[in-house]
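In: turn this into a model:
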Amino acid sequence: MSEASVSAKPVALVIDDDQDTVDLLQIVLAQAGFAVISASNGPDGIALALQHRPALATIDVTMPDMNGLEVTRRIREVTGTGMYIVIISSRSQEHDILAGFDAGADDYVPKPIRPRELQARLAAVARRPVETVTSSETAAAWAPAAENAERSAFVRQVLAGENVGFEDDDSLEEDEDGLDGRDGMLDLGMRFVGSWIEFRGLRINPSRDLLVVDDRIVDVPAEQVKMIEILLYAGTHVLTARQLALRTRGETEARTDRPAEQDRKWFNYVMTGLLKRIGDDGPTPRWFHVSDGKVKLVRAVPEV
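Out: All right, here's what the predicted structure looks like:
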């Protein structure tokens, strides 16, 4: 069991019996601005969690005596929701990931660990771009961002396959089967990991208004994260500029005072900027196909 000087830095706890993994995580976490402490087994890790109350903990699933899922449960029971817990595991099947979240984890990182992806996820804990993670600001800035309870609940409804509001919109156009919500998203190959939705390298955390593209956090306004969220929920449906604008504002045709032409101008301006920021403004779109005031998700990326 090893400890580091906690000083004013946020503390990260590594619980893993593989020294090579511990060494890698210590490097990544230290570069991200954390003071790192580590334990090679579950009981020692729980003791350190109680002593230091770290901002973040990474926990290996496969350890002797006490596995990582049980360690996660016990730490969550005694520390509440203030600590961000990341499960590290060589198991990446859906039931393994779900077991990790059921135990109380906030995120799940499969082995082999990809340092850039992990660093992006760590930056999400701090709700700030990766480039500023190593700054010397006070530990208070590292408090986990407060989640939007309403958005979190909506994500859970989508995952449960509940109605997301598109079925009642007769004006929607359809692409092929016109699936929306969870079914449409899965049909397009999206994945759900904790609070994250992943679509071919584009990931959003709706409850925290975070956008990550190819392991790089992209700083965009919360409105644009919500736009992407709405587009992902639409599945294979085509959305018009008007429909996207109304849904982004939480309005309906009967409850809006904005003319359709104004929404079309807003759509053209905002979508142009968003596509440029995420690098999807080329001749062959990767995620979003925009044409004539309409937008739909790209079903498949053409082979080069």
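In: can you give me the buried ones in stretch 13-30?
Out: 13-17, 21-22, 24-26, 28-29 (16 or more other CB atoms under 10 Å). Backbone N, C-alpha and C define where each C-beta goes, glycine included.
In: could you dump these to TSV with pLDDT and secondary structure?
Out: Listed next are those as TSV, based on pLDDT from 0 to 100; DSSP: H, G, I helix; E, B strand; the rest coil:
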residue	pLDDT	secondary structure
Leu13	94	strand
Val14	95	strand
Ile15	95	strand
Asp16	93	coil
Asp17	90	coil
Thr21	86	helix
Val22	89	helix
Leu24	84	helix
Leu25	88	helix
Gln26	86	helix
Val28	82	helix
Leu29	84	helix
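In: next, give phi and psi for the nearest residue to Lys226 once chain neighbours are set aside.
Out: Spatially, and ignoring its direct neighbours in sequence, Lys226 is nearest to Thr248 (5.8 Å; CB to CB, 6 or more residues apart in numbering). Backbone torsions for Thr248, taken as degrees, to the nearest 10, come to phi -60, psi -40.
In: isn't Thr248 up against Ile228?
Out: No. Assessed by CB atoms under 8 Å, Thr248 is found out of contact with Ile228, at 10.3 Å.
In: and these two? Which one has more around it.
Out: Ile228 (21 against 18; other CB atoms under 10 Å).
In: pretty sure the more buried one sits against Asn205.
Out: No. If you go by CB under 8 Å, Ile228 and Asn205 don't touch, sitting 11.0 Å apart.
In: need the overlap of contacts for those two.
Out: Residues touching both Ile228 and Asn205 by CB atoms under 8 Å, 6 or more residues apart in numbering: none at all.
In: can I see the domain layout of this structure?
Out: 11-142, 149-297 (automatic domain parsing).
In: rank those by mean pLDDT and give me the bottom one.
Out: Note on the domains of the chain: domain 11-142 shows the lowest mean pLDDT, a mean of 78.
In: chain center to that one: distance?
Out: Relative to the chain's own centre, domain 11-142 is displaced by 16 Å; criterion: CA atoms, centre = their mean, to the nearest Å.
In: if we can go back for a sec, ranking the domains of the chain by burial, who's on top?
Out: domain 11-142 (a mean of 19; mean count of other CB atoms under 10 Å).
In: tell me the contacts of Ala47?
Out: Ala39.
In: what's the closest non-adjacent residue to Leu275?
Out: Asp281 (4.2 Å).
In: and that neighbour, which of the three is it?
Out: Look at Asp281: counting by DSSP: H, G, I helix; E, B strand; the rest coil, its state is coil.
In: got the buried residues of stretch 13-30 as JSON lines, with distance to Ile113 columns?
Out: Shown next, in JSON lines, are the buried residues of stretch 13-30 (distance: CB to CB, whole Å):
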{"residue": "Leu13", "distance to Ile113": "16"}
{"residue": "Val14", "distance to Ile113": "12"}
{"residue": "Ile15", "distance to Ile113": "15"}
{"residue": "Asp16", "distance to Ile113": "11"}
{"residue": "Asp17", "distance to Ile113": "15"}
{"residue": "Thr21", "distance to Ile113": "7"}
{"residue": "Val22", "distance to Ile113": "11"}
{"residue": "Leu24", "distance to Ile113": "6"}
{"residue": "Leu25", "distance to Ile113": "7"}
{"residue": "Gln26", "distance to Ile113": "12"}
{"residue": "Val28", "distance to Ile113": "8"}
{"residue": "Leu29", "distance to Ile113": "11"}
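In: list just the nearest of these to Gly68.
Out: Gly68 lies nearest to Ile15 out of these, by CB to CB, at 7.2 Å.
In: isn't that closest one right up against Ala39?
Out: Yes. Under the criterion of CB under 8 Å, Ile15 makes contact with Ala39 at 5.1 Å.
In: identify the contacts common to the two.
Out: Gly45.
In: counting neighbours, what do you get for the closest residue to Ala35 other than its chain neighbours?
Out: Leaving aside its chain neighbours, Ala35 sits nearest to Lys9 (4.1 Å; criterion: CB to CB, 6+ apart). By other CB under 10 Å, 20 other residues sit near Lys9.
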